[in-house]
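Student: Quick one, what's the 3D model for this:
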Amino acid sequence: MADTSDTRTPAQIEADIKRRRETLAETLDEIGVRVHPKTIVGDAKAKVVSNIDHTLGRAYVGVNKVLTDTKAQFVDEEGAPRLERIVPVALVAVGLVGLLAFGSTRRRKG
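Tutor: Numbers count the residues shown, from 1 in each chain. Below you'll find the predicted structure:
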């Protein structure tokens, strides 16, 4: 059998009911904001932007590392060029450009 004795006064009971109504109203308002289409779209946009920023940040770090590593191959710690590495690469590049130019002129004539 349930205990039906309540030692609160009617005023305390009314105050408790009022407090619970206010809490319930706040909760319903919060739910209404969370399920509103603009809120859902805004949250989705924010998540996409965050993912894009994260991806671009990682890409930037990766590219920066590759460039730094590549630069280190052609410049010493003091910033002076390493001619023993630059000259062979430059010769290969000039040779490739020459081959491409020679090949394109042969196609035009033929």
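Student: Does the lowest-mean-pLDDT helix or strand in the chain pack against any helices or strands, and if so which?
Tutor: Comparing helices and strands within the chain by mean pLDDT, DSSP states H and E singles out helix 83-109 as the least confident, with a mean of 87. When contacts are defined as 3 or more Cβ pairs under 8 Å, 6 or more residues apart in numbering; DSSP states H and E, helix 83-109 sits against helix 37-74. Glycine gets a C-beta too; all of them are placed from N, C-alpha and C.
Student: Show me what the helix it packs on is packed up against.
Tutor: Taking 3+ Cβ pairs under 8 Å, 6+ apart as the contact cut, helix 37-74 packs with helix 83-109.
Student: Work out the gap between the helix it packs on and the centre of the chain.
Tutor: Centroid separation for helix 83-109 versus its chain: 41 Å, with Cα atoms, centre = their mean, to the nearest Å.
Student: And it, what's buried?
Tutor: By neighbour count on 16 or more other Cβ atoms under 10 Å, the buried set for helix 83-109 is empty.
Student: please begin residue numbering at 612 from this point
Tutor: Yep, numbering from 612; the last one is helix 694-720 now.
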